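Asker: sequence and predicted structure, then a few things I'm wondering about:
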Amino acid sequence: MKENAQRILANPKFQELVQKRSAFAWTLSIAMLVIYFGFILLVAFGKGFLGTPIGSGVTTWGIPVGLFTIISAFILTGIYVHRANGEFDELNRQIMEESK
Amino acid sequence: MRSLVNRVGVAAVAAGALIPASVHAAAVEGAVQKQATNLSAIVMFLIFVLATLGITYWAARRTKSAKDFYAAGGGITGFQNGLAIAGDYMSAASFLGIAGLVYTSGFDGLIFSVGWLVGWPIILFLVAERLRNLGKYTFADVASYRFQQTPMRTMAACGSLATVTFYLIAQMVGAGKLIQLLFGLDYMWAVVIVGVLMIAYVTFGGMLATTWVQIIKAVLLLSGASFMAFAVLAKFGFSPEAMFATATQVHPKATAIMAPGALISDPVSAISLGMALMFGTAGLPHILMRFFTVSDAKEARKSVFYATGFIGYFYILTFIIGFGAIVLLLAPDATGAYPFLTAAPAAGALANPATIIGGSNMAAIHTAHAVGGDLFFGFISAVAFATILAVVAGLTLAGASAVSHDLYASVIARGRASEHDEIRVSKITTVVIGIVSIFLGIAFENQNVAFMVGLAFVIAASANFPVLLMSMFWGRMTTRGAVLGGWIGLVSSVSLLIMGPTVWKSVLGNPAALFPYDNPGIFTIPLSFLAIWFFSITDNSKAAQDEREAYKAQYIRSQTGLGAEGASAH
């Protein structure tokens, strides 16, 4: 186990995996935070905008903006899972293979 | 009189820029009076209870080891777990609460839907897979991974128990009021029934039964809500614009229901609210526990993906159902009557939403009645009950695990307890938690449910989340930093909540609050992080050095899953 650990740490693929995955996870986290707190700040400061009807109807901009926030959460999650379960897991499998 | 007081209470909550958790639960608090017994609802309810008891019996025969009991044997798939997580999250409070909020205030309901969802991507990106790779049964396994077991587990177990207890009281009170409304039972009996069923599910079936009850309930709730939203939209030729147009014509607030109201007014409250919601979700013990029921990190990721999809879809449905309630309940039916209101409006005037029978929290239930008749009404009522039961069972199991796995097995018996003993302690704890929560549920009948749920979220975000996150991301953390940081987060969040306007002023009746904000998250969450950092970097003991050394091994396991509990052999 201990030798295993040393081999894994020394494996450049491990460094690659960790760096890529961390950068990816933090980028997506920041994207989510920006979208969500953007929405919250619009609620706090931009009530006028969110309450403005789109065109001549009664549907306001608030509806698509709110829906966008919900859908973006789902899409960001999907993007991460797609890459993590494909590319990252493959790298991980190789690392485990090489450390045996 | 009582209903008037309750209504004023709800209005005060809505106006007070409370945490969303609160408004959620506030909706279940509304005017409650005993209603005539509805036969179809009771028949549906009994069918559901019998079916879930059948699952419990089946699960009990398959639950042999501690791993089966706490983590359903680790054999739940990502899709199933996603449904179970969604089930944990789609509580009756969010179904009835968001629909009720949309019914009274329109757009504001959407703000809450959004807030409740966005914690999930963060859990996925930063927490889920490391958690799965490091943990066994509880989040304390992860938080204490390379630290001194006794102080860490004691602190983590107390954080878990505090979160679970406040969440549980709120659910019990909500359940009692809901059942009182739906079935015409006494409040006390409603609470006792919920408590007894919950003990039965958890004691006999453990995580396997709880998971399956949660999955079935999630499917039923999603199907029922989909049908309702579909039926509502069908009345308007599937044009949301036509539905919104009608809603603004029959609602006394007119076009104001299409814009944000006064729920989040100042930036501090807005950000504080956002932080508690987003990070609180990542500190809820009963949610974190679900990541140990899947086989590996890959399935853990998938489960968050499915859960986010189901929860987001569900929240969009509740928004449509809320507008459906406006257009169906506030407009006269074919005969010109208003069957869902206590009083028809004066000629030429608009109907008052507050006159809805049973309070605004019944909006979704009445809408079910309006679109699907008596049987569908019974179905939705039964699902609403099952929802609370399932959430309560999940919470109890998380509380019981904190006591049996963290306090008893690791701290008291110092790892010498057999699996058999551990499960026995867990079952005893479940019965104790069940009985205590029945009494608390009865004692807190008139307490602000809203506040209780809010408390659970702020505590989770201030006490559990920082320790969990730092233990995984920061190699220089030491036992001293983690334990002090966790306790400071726990104590500061609880005390500031008590000194805030909701408790100090509204509940305790003092003239002014000692602390101006309802939600202290913006202060207590950073405070906990700061304490962890400060008490760790100033810790230069030998033990601290060893703990920093041990981070390397933890890091490799958290990244790769090497040696992870129950992981498939790569």
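Answerer: Noted; the coordinates are in hand. Residues are numbered from 1 along each chain as shown, chains lettered A, B, ... in the order given.
Asker: am I right that B:A337 is in a helix?
Answerer: No: using DSSP: H, G, I helix; E, B strand; the rest coil, the assignment for B:A337 is coil, not a helix.
Asker: need the contact list for the residue of the stretch 251-400 of chain B found nearest chain A.
Answerer: Relative to chain A, the nearest point of the stretch 251-400 of chain B is B:A259 (2.7 Å; C-beta to the nearest C-beta). For glycine as for every other residue, the C-beta is placed from the backbone atoms N, C-alpha and C. Counting by C-beta atoms under 8 Å, 6 or more residues apart in numbering or on different chains, B:A259 makes contact with A:K47, A:L50, A:G51, A:T60, A:G62, B:G106, B:F107.
Asker: ok, the closest residue in space to it that isn't next to it in sequence - contacts?
Answerer: Leaving aside its chain neighbours, B:A259 sits nearest to A:G51 (2.7 Å; criterion: C-beta to C-beta, 6 or more residues apart in numbering or on different chains). With contact set as C-beta under 8 Å, 6+ apart, A:G51 has these partners: A:T60, A:W61, A:G62, B:F107, B:T255, B:A256, B:M258, B:A259, B:P260.
Asker: okay, now the first one: neighbour count?
Answerer: If I follow you right, that is A:T60. 23 (other C-beta atoms under 10 Å in any protein chain shown).
Asker: do you know how far it is from chain B?
Answerer: Look at A:T60 and chain B: by C-beta to the nearest C-beta, to the nearest Å, they are 4 Å apart.
Asker: now do the same for B:A11: its pLDDT.
Answerer: Looking at B:A11, its pLDDT is 37.
Asker: spell out which residues of the stretch 451-570 of chain B are next to chain A.
Answerer: B:K552, B:A553, B:I556, B:Q559, B:T560, B:G561, B:L562, B:G563, B:H570 (C-beta under 8 Å from any C-beta of the partner chain).
Asker: what is the burial count for B:M90?
Answerer: So B:M90, with other C-beta under 10 Å, has 27 neighbours.
Asker: now the helix or strand where A:I79 lies, how far from the chain's geometric center?
Answerer: Secondary structure assignment for A:I79, by DSSP states H and E: helix A:62-83. How far helix A:62-83 lies from its chain's middle: 9 Å, per C-alpha atoms, centre = their mean, to the nearest Å.
Asker: which SSE is immediately downstream of it?
Answerer: Immediately after helix A:62-83, counting by DSSP H and E, sits helix A:89-98.
Asker: that next one packs against which elements?
Answerer: helix A:12-45, helix B:542-560 (3 or more C-beta pairs under 8 Å, 6 or more residues apart in numbering or on different chains; DSSP states H and E).
Asker: what mean pLDDT would you report for it?
Answerer: If you average the pLDDT values across helix A:89-98, you get 84.
Asker: residues making contact with it?
Answerer: Against helix A:89-98 from outside (C-beta under 8 Å, 6+ apart): A:7-8, A:11, A:13-14, A:16-17, A:20, B:298, B:559-562, B:570.
Asker: the helix or strand encompassing B:F323 to helix B:542-560, inter-axis angle?
Answerer: B:F323 is part of helix B:297-329, with elements assigned from DSSP H and E. For helix B:297-329 against helix B:542-560, the angle by axes from the mean of the first three to the mean of the last three C-alpha atoms, to 10 degrees is 70 degrees.
Asker: quick one: the following helix or strand past helix B:297-329 to chain centroid distance?
Answerer: Using DSSP H and E, the helix or strand that directly follows helix B:297-329 along the chain is helix B:363-401. Mean-position distance between helix B:363-401 and its chain equals 14 Å (C-alpha atoms, centre = their mean).
Asker: and for stretch B:179-192?
Answerer: Worked out by C-alpha atoms, centre = their mean, stretch B:179-192 lies 21 Å from the chain centre.
Asker: cool, and stretch B:192-203?
Answerer: Using C-alpha atoms, centre = their mean, the offset of stretch B:192-203 from its chain centre is 18 Å.
Asker: in chain B, which residue is closest to the centre?
Answerer: Nearest to the geometric centre of chain B sits B:Y89, at 5.2 Å (C-alpha atoms, centre = their mean).
Asker: re the thing from before, and the contacts of B:A259 as CSV, adding secondary structure?
Answerer: Converted to CSV, the contacts of B:A259 look like this (three-state DSSP):
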residue, secondary structure
A:K47, helix
A:L50, helix
A:G51, coil
A:T60, strand
A:G62, helix
B:G106, coil
B:F107, coil
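Asker: B:A331 - how many residues pack around it?
Answerer: Neighbours of B:A331 (other C-beta under 10 Å): 15.
Asker: torsion angles phi and psi at it?
Answerer: Per-residue torsions, B:A331: phi -110, psi 150 (degrees, to the nearest 10).
Asker: same question, the one 5 residues further on
Answerer: Listed backbone geometry of B:G336 is phi 80, psi 10, with angles given as degrees, to the nearest 10.
Asker: before we move on, the earlier item: now for the contacts of helix A:89-98: which two are most distant?
Answerer: A:R7 and B:K298 (22.8 Å; C-beta to C-beta).
Asker: for the residue nearest to B:A259, give me phi and psi.
Answerer: phi -90, psi 0.
Asker: pLDDT at it, what is it?
Answerer: So A:G51 comes in at 84 (pLDDT).
Asker: same check on the one 3 residues further on?
Answerer: For A:I54, the pLDDT comes out at 87.
Asker: ok and the residue in the stretch 351-500 of chain B nearest chain A?
Answerer: B:F473 (9.3 Å).
Asker: show the contacting residues for the residue nearest to that residue when sequence neighbours are not counted.
Answerer: Spatial nearest neighbour of B:F473, chain neighbours left out: B:L126 (7.8 Å); criterion: C-beta to C-beta, 6+ apart. Residues near B:L126 by C-beta under 8 Å, 6+ apart: A:A25, A:S29, B:A282, B:L469, B:F473.
Asker: follow-up on the earlier one: how near is the residue of the stretch 351-500 of chain B closest to chain A to B:S223?
Answerer: According to C-beta to C-beta, to the nearest Å, B:F473 and B:S223 sit 40 Å apart.
Asker: quick one: low-confidence parts of chain A?
Answerer: Within chain A, the stretches with pLDDT under 70 are A:1-3, A:100.
Asker: residue nearest the middle of it, spatially speaking?
Answerer: A:L28 (2.8 Å).
Asker: from the chain's centre, how far out does stretch A:44-53 sit?
Answerer: Using C-alpha atoms, centre = their mean, the offset of stretch A:44-53 from its chain centre is 27 Å.
Asker: how about the residues of the stretch 101-250 of chain B near chain A?
Answerer: Going by C-beta under 8 Å from any C-beta, the residues of the stretch 101-250 of chain B near chain A are B:107, B:110-111, B:113-115, B:117-118, B:120-122, B:124-126, B:129, B:240-241, B:244-245, B:248.
Asker: by pLDDT, give me the weakest of the residues of the stretch 451-570 of chain B next to chain A.
Answerer: Per-residue pLDDT puts B:H570 lowest of those, at 32.
Asker: so what's B:A512 closest to, chain neighbours aside?
Answerer: Using C-beta to C-beta, 6+ apart, the closest residue to B:A512 is B:K505 (6.6 Å).
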